[in-house]
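Asks: pasting a predicted model and its sequence here:
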There are 2 protein chains.
Amino acid sequence: MRFLSLALCAVAVAQVPEPPVNYGIVLFPGFQAMDVFGPLDVLNTLSMRQTLNLYIFANQRGLVPTKHAMEGVKSNFGEAVMADYAFNDTEIPDLDVLIVPGGAGTRDSQTQAEVAPFLSKIYPQLQYLVAVCTGSALVARTGILDRRRATTNKLAWEWATSQGPNVDWVPRARWVRDGDIWTGSGITASLDTIYAFVAHVYGEPTAANLSRDLEYVRWTDADNDPFGDFYNTSWPIVG
Amino acid sequence: MRFLSLALCAVAVAQVPEPPVNYGIVLFPGFQAMDVFGPLDVLNTLSMRQTLNLYIFANQRGLVPTKHAMEGVKSNFGEAVMADYAFNDTEIPDLDVLIVPGGAGTRDSQTQAEVAPFLSKIYPQLQYLVAVCTGSALVARTGILDRRRATTNKLAWEWATSQGPNVDWVPRARWVRDGDIWTGSGITASLDTIYAFVAHVYGEPTAANLSRDLEYVRWTDADNDPFGDFYNTSWPIVG
């Protein structure tokens, strides 16, 4: 029996998972547009070359605004994106990957309360979780990142890292991969994060061809983080 | 009288226009998400620091999908963005800047026919026109770019430049400014284009601070275009 178990185990380890097909993304009022559309436009383009599906989630189905009320701001400047699925829908499509963006809205206690149960429910079924910018803070609040290496927005570093005191936060990183969890630094770093993810799951030629056709010179060194340097996130974090 | 006219003329020339406040953007089915949200997220962030307004136009008010039917593509992957104004609305807000994105939808004859009259109507009232990616092709079809320097997506170069035979197309350029018209190269080049535009109209410190806070190392050399090199757009264009 022991030999049989070992043999089965070896087969299981050798099995390479199918590349992901079904993506979900989480929206909330005050999401950062680039955190969403940086990664999604890379995947939009990939979806014209191989079959991928996207499911957009929010607390309620309907339009979700980028705009977030801020004291003293008189601008009327923002966009609204359609969410087709609600966090509490009883029938939810099987997801391989969930993307969690950041943005000013991550600081809303109502958003935090709405997103957390959805993340906790969905995470166990995923192949990969990709959180960018202060989306990492939303994930950290659930405990999913506890004792995992992760990064987040460098300008919002102090607040974001305080959301997950048991996370092994990496202060100088464009992005971090820890097993099935990818986290990106702030806003435009979501581009390098998704290209690194695409290279990992679909292969380097796929990522290289996409970045060429989208006219982007991606950063391939996860440790190259001038913004971590600038914002002094390498200061020791004292709990 | 002649002296008076000359004096008035000198005053007019010396007058610096107010920095732009009111932005419009054009959407159509099959727009490229990064062409829209790359520039807009820079401006979203700027709008939290100074007053800016955004008006989103499409042929009809309502949701506009990124998705564009392509033969053989089975993916269900795309986003839908709300347009609050229709091209034919009788009351249209005064615009200082209009942004025209590209995307697969620029090749639709219906979209071309719908967008052109709107561009021709709006252009005379603008301070600036910013067209990125194959958005330049939509603008070129109106004649607005005739005898002006402009660039466009390098992968789609042959088709895009054919839309404006009288345009002075610049084959190696991340972006081009010709007076009040800014054109950008493909997709992700829209980021460098908008940062250059922001530096021009709001000042270099504003652009520098935004790019730092959005964690983007922008390209500040308009002539740095590895994709123009790669796609051989420097070949002589023979009409």
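Replies: Perfect, I can see it now. Numbers count the residues shown, from 1 in each chain, chains lettered A, B, ... in the order given.
Asks: phi first, then psi, for A:S136.
Replies: phi -60, psi -30 (degrees, to the nearest 10).
Asks: okay, now it: neighbour count?
Replies: Using other Cβ atoms under 10 Å in any protein chain shown, A:S136 has 31 other residues around it. For every residue, glycine as well, the C-beta is placed using N, CA and C.
Asks: kindly report the same for A:V217.
Replies: The tally of other residues near A:V217 (other Cβ under 10 Å) stands at 12.
Asks: ok, it to A:F227 distance?
Replies: Per Cβ to Cβ, to the nearest Å, A:V217 is found 17 Å from A:F227.
Asks: can you check A:V115 too?
Replies: 25 Å.
Asks: which residue, other than its chain neighbours, is closest to the residue most central in space within chain A?
Replies: Chain A has A:A131 as the residue nearest its centroid, 2.0 Å off, counting by Cα atoms, centre = their mean. In this structure, A:A131 finds its nearest non-sequential neighbour in A:V100, 4.2 Å apart by Cβ to Cβ, 6 or more residues apart in numbering or on different chains.
Asks: from chain B, how far out is A:D146?
Replies: According to Cβ to the nearest Cβ, to the nearest Å, A:D146 and chain B sit 25 Å apart.
Asks: for that residue, give its distance to B:I181.
Replies: Going from A:D146 to B:I181 by Cβ to Cβ gives 52 Å.
Asks: which one of the two has more residues nearby?
Replies: Using other Cβ under 10 Å as the criterion, A:D146 and B:I181 rank with B:I181 on top: 20 against 13.
Asks: what bridges to the residue lying closest to the more buried one once chain neighbours are set aside?
Replies: By the measure of Cβ to Cβ, 6+ apart, the closest residue to B:I181 outside its immediate chain neighbours is B:L129, 4.9 Å from it. As for beta bridges, B:L129 partners with B:L98, B:I181 under DSSP bridges.
Asks: next up, the contacts around B:L129.
Replies: Residues in contact with B:L129 (Cβ atoms under 8 Å, 6 or more residues apart in numbering or on different chains) are B:97-98, B:100, B:123, B:139, B:144, B:180-182.
Asks: can you check A:P20 too?
Replies: So A:P20 contacts A:52, A:96-97, A:127-128, A:201 (Cβ under 8 Å, 6+ apart).
Asks: so where is chain A shaky, pLDDT-wise?
Replies: Along chain A, segments meeting pLDDT under 70 span A:1-16, A:233-239.
Asks: the strands in it, which residues?
Replies: Ranges of strands in chain A, per DSSP state E, are A:22-26, A:53-58, A:62-65, A:80-83, A:85-86, A:97-100, A:128-132, A:149-150, A:168-169, A:175-178, A:181-184.
Asks: who wins for proximity to B:F31 among those?
Replies: strand A:80-83 (12.9 Å; Cβ to Cβ).
Asks: what count of nearby residues applies to A:Q110?
Replies: Neighbours of A:Q110 (other Cβ under 10 Å): 11.
Asks: and A:R177, by the same measure?
Replies: Using other Cβ under 10 Å, A:R177 is surrounded by 18 other residues.
Asks: could you pull out the buried residues of stretch A:162-180?
Replies: For stretch A:162-180, the buried set under the neighbour-count rule, 16 or more other Cβ atoms under 10 Å in any protein chain shown, comprises A:163-164, A:167, A:169-178.
Asks: let's have those in a markdown table, adding distance to A:M34.
Replies: Below are the buried residues of stretch A:162-180 laid out as a markdown table (distance: Cβ to Cβ, whole Å):
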| residue | distance to A:M34 |
| --- | --- |
| A:Q163 | 21 |
| A:G164 | 23 |
| A:V167 | 23 |
| A:W169 | 22 |
| A:V170 | 21 |
| A:P171 | 22 |
| A:R172 | 21 |
| A:A173 | 18 |
| A:R174 | 15 |
| A:W175 | 15 |
| A:V176 | 19 |
| A:R177 | 21 |
| A:D178 | 23 |
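Asks: might one say that the residue nearest to A:A131 is in contact with A:A140?
Replies: No. Using Cβ atoms under 8 Å, A:V100 is not in contact with A:A140, being 10.5 Å away.
Asks: more neighbours: those two, which one.
Replies: The residue with more neighbours, out of A:V100 and A:A140, is A:V100; 29 against 26, by other Cβ under 10 Å.
Asks: please tell me how far A:Q110 sits from A:V198.
Replies: According to Cβ to Cβ, A:Q110 stands 33 Å off from A:V198.
Asks: with A:E18 instead?
Replies: 15 Å.
Asks: neighbour count winner among the two?
Replies: Using other Cβ under 10 Å as the criterion, A:E18 and A:V198 rank with A:V198 on top: 22 against 9.
Asks: for that one, which non-adjacent residue is closest in space?
Replies: A:A207 (4.4 Å).
Asks: quick check: A:L119 touching A:T142?
Replies: Yes. Between A:L119 and A:T142 there is a contact at 5.0 Å, judged by Cβ under 8 Å.
Asks: and the two? which has more neighbours close in?
Replies: Neighbours were counted for A:L119 and for A:T142 using other Cβ under 10 Å; A:L119 has more, 22 against 18.
Asks: how about the contacts made by the more buried one?
Replies: A:26, A:98, A:100, A:138-139, A:142, A:144.
Asks: which of those residues lies closest to chain B?
Replies: A:V26 (13.4 Å; Cβ to the nearest Cβ).
Asks: count of neighbours near that closest one?
Replies: 27.
Asks: from A:G105, how far off is it?
Replies: 11 Å.
Asks: and the helices in chain A?
Replies: Assigned by DSSP state H, chain A shows helices spanning A:2-14, A:33-46, A:109-122, A:135-140, A:157-162, A:189-202, A:204-213, A:226-230.
Asks: residues contacting A:N59?
Replies: A:28, A:86-87, A:111, A:114-115.
Asks: and the furthest pair within those residues?
Replies: Checking the contacts of A:N59 with Cβ to Cβ, the most distant pair is A:A86 and A:T111, at 14.0 Å.
Asks: tell me which of these two has more neighbours.
Replies: Between A:A86 and A:T111, counting by other Cβ under 10 Å, A:T111 is the more crowded of the two (22 against 16).
Asks: the more buried one: what's it in contact with?
Replies: Counting by Cβ under 8 Å, 6+ apart, A:T111 has contacts A:28-30, A:59, A:105, A:138.
Asks: give me the buried subset of the residues you listed.
Replies: The buried subset of those - by 16+ other Cβ under 10 Å - is A:28-30, A:59, A:105, A:138.
Asks: ok, of those residues, which one's closest to chain B?
Replies: A:G30 (10.4 Å).
Asks: was I right to think that closest one contacts A:Q110?
Replies: No. Using Cβ under 8 Å, A:G30 and A:Q110 do not qualify as a contacting pair, with a distance of 10.8 Å.
Asks: beta partners for the nearest residue to A:L63 once chain neighbours are set aside?
Replies: Excluding its sequence neighbours, the residue lying closest to A:L63 (Cβ to Cβ, 6+ apart) is A:A80, at 4.1 Å. A:A80 has the following beta-bridge partners by DSSP bridges: A:P65.
Asks: so how far is chain B from the residue nearest to A:V198?
Replies: 14 Å.
Asks: swap in A:Q32?
Replies: 7 Å.
Asks: likewise for A:V167?
Replies: 20 Å.
Asks: so that residue sits right up against A:T142, yeah?
Replies: No. With contact defined as Cβ under 8 Å, A:V167 does not count as touching A:T142 (11.0 Å).
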